[in-house]
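1. Here is a sequence together with a model predicted from it:
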Amino acid sequence: MSYIDQKYINLCTSRVEKFKKVRDNLWNFRCPICGDSKKRKNKARGFVYRKKASYFYKCHNCGVGLTFNNFLKHIDHGLYTEYRVEKYKEGETQGNTPIPDQTPFKFEAPKFDKSMNKHLDKLVKFSDLEEGHPALSYIEDRQIPKEHWDKLYFADKFYEWSNTIFPEKFKSINIDYPRLVIPFFDKSGEIFAYQGRAFGKEEPRYITLKIVSEKEKIYGLERINYDSHVYIVEGPLDSLFIDNCIAVAGADLNLLELNSSSTTVIYDNEPRNKHTVERMYKSVDRNYHVVVWPPELNQKDINDMILSGVKNIEQFIDVHTYHGLEAYLKINQWKKI
């Protein structure tokens, strides 16, 4: 019964940090498995939530997903035993004995059993590529943080692989080049789009395909904490350098379920781009915080700034973040159109 689950969820309060009840059937706290953010002690990206008649745990920092039963076993085996006994007395255990499995808990990365995610199994994660693989130089040269390499995939024959998702999408595959594949997942962790990036000078440089046509191309939805300050950039790879960040590939910000007052929008450094300037003004109108880059900065995007030697990109962003009237004034000074 759910009251037993809720009782033991609330008993976790002394065993985790920053525990709070967000609303009915949703609790939030710092993830005890990965330790949550090392930089920001107030970050809390672990959630216990109800789905149908069961409770689950999900961390939007490390990505682990567990049943509440296994989560409790991980954080306090004694409390887990008490929980199983109570569930047994209520007739809710699956076995015929209240004695829990005493084997040590082994952490396993969550495996999404999604119909479309199976296509990614045909590719190789960059984190699994052998040392010296030529494709690794692409992300090494861009200094992509290693903790995000498992979010990027290598397709040896991109057109051929895409045709397994979209039959005959590419009519001719006689000339087929390898590409970097960046999957777009929704909040539940199911792929709905992906982008293939050329390693060389192949054209087109970027190929973005939507598996679910009605969904906007927003990258990183499955791994952000919506109750914390959210950052929005334009490019998927740029989002990997910033904590709690998503990327919008031309998507409408109005479609995002975000609190604008606790959201910072980071556009590319293009003061001569009329479209970029217009979008910045609109973001200020919608009460978002906006980054206005300093005039002496020559780099176009976050990745370029990292490569130019900017060490603490999040601090650099915060220093140049503005809101309201001050943002309007800064944009007026920044634009060169």
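-> Alright, I've got the coordinates. Residues are numbered from 1 along each chain as shown.
2. I'd like to know which helix or strand in this protein has the lowest mean pLDDT.
-> Ranked by mean pLDDT, DSSP states H and E, the weakest helix or strand in the chain is helix 77-89, scoring a mean of 82.
3. contacts for the helix or strand that comes right after that one?
-> Next helix or strand after helix 77-89 toward the C-terminus (DSSP states H and E): strand 124-125. Contacts of strand 124-125 from elsewhere in the structure, counted by Cβ atoms under 8 Å, 6 or more residues apart in numbering, are 149-150, 152-154. Heads up, the C-betas are built off the backbone N, CA and C, glycines and all.
4. Can you give the strand pairings for strand 124-125, parallel or anti for each?
-> Using DSSP bridges, strand 124-125 pairs in its sheet with strand 153-155 (antiparallel).
5. What's the first helix or strand after the partner strand?
-> helix 158-162.
6. If you count neighbours, what's buried in that next one?
-> Across helix 158-162, burial judged by 16 or more other Cβ atoms under 10 Å covers 158-159, 161-162.
7. what mean pLDDT does it have?
-> For helix 158-162, mean pLDDT is 95.
8. tell me what it is packed against?
-> Helix 158-162 sits against strand 179-185, strand 206-210, with contacts defined as 3 or more Cβ pairs under 8 Å, 6 or more residues apart in numbering; DSSP states H and E.
9. rewinding a little: which among the contacts of strand 124-125 count as buried?
-> 149, 152-154.
10. so which of the helices and strands packed on helix 158-162 gets nearest Asn287?
-> Minimum separation from Asn287 across the helices and strands packed on helix 158-162 (Cβ to Cβ) falls at strand 179-185, 26.3 Å.
11. Let's have the buried ones among the contacts of strand 124-125 in TSV, adding pLDDT and distance to Val310.
-> Listed next are these as TSV, based on pLDDT from 0 to 100; distance: Cβ to Cβ, whole Å:
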residue	pLDDT	distance to Val310
Trp149	97	21
Leu152	97	22
Tyr153	97	28
Phe154	97	28
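12. Check the contacts of strand 124-125 and tell me the two furthest apart.
-> Across the contacts of strand 124-125, no pair lies farther apart than Asp150 and Phe154, at 11.8 Å, counting by Cβ to Cβ.
13. returning to that earlier point: relative to Asp176, which of the buried ones among the contacts of strand 124-125 is nearest.
-> Nearest to Asp176 among those, with distances taken as Cβ to Cβ, is Phe154, at 13.7 Å.
14. From Ala135, how far out is the closest one?
-> Distance, Phe154 to Ala135, using Cβ to Cβ, to the nearest Å: 5 Å.
15. next one: Phe166
-> For Phe166, the distance to Ala135 - Cβ to Cβ - is 23 Å.
16. Distance from the chain centre to whichever strand or helix holds Trp27, please.
-> Using DSSP H and E, Trp27 maps to strand 26-29. Averaging C-alpha positions (Cα atoms, centre = their mean, to the nearest Å) puts strand 26-29 18 Å from its chain's average.
17. quick one: strands adjacent to the helix or strand just after it?
-> Sequence order places strand 46-51 as the next helix or strand after strand 26-29, per DSSP H and E. In the sheet, strand 46-51 lines up against strand 26-29 (antiparallel), strand 54-59 (antiparallel) (DSSP bridges).
18. For Ala251, which of these is the nearest?
-> Per Cβ to Cβ, nearest to Ala251 of the strands paired with strand 46-51: strand 54-59, 23.5 Å.
19. for that closest one, which positions count as buried?
-> For strand 54-59, a neighbour-count test (16+ other Cβ under 10 Å) marks 55-59 as buried.
20. can you put the residues you listed in JSON lines and add pLDDT?
-> Listed next are these as JSON lines, based on pLDDT from 0 to 100:
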{"residue": "Tyr55", "pLDDT": "91"}
{"residue": "Phe56", "pLDDT": "91"}
{"residue": "Tyr57", "pLDDT": "91"}
{"residue": "Lys58", "pLDDT": "90"}
{"residue": "Cys59", "pLDDT": "86"}
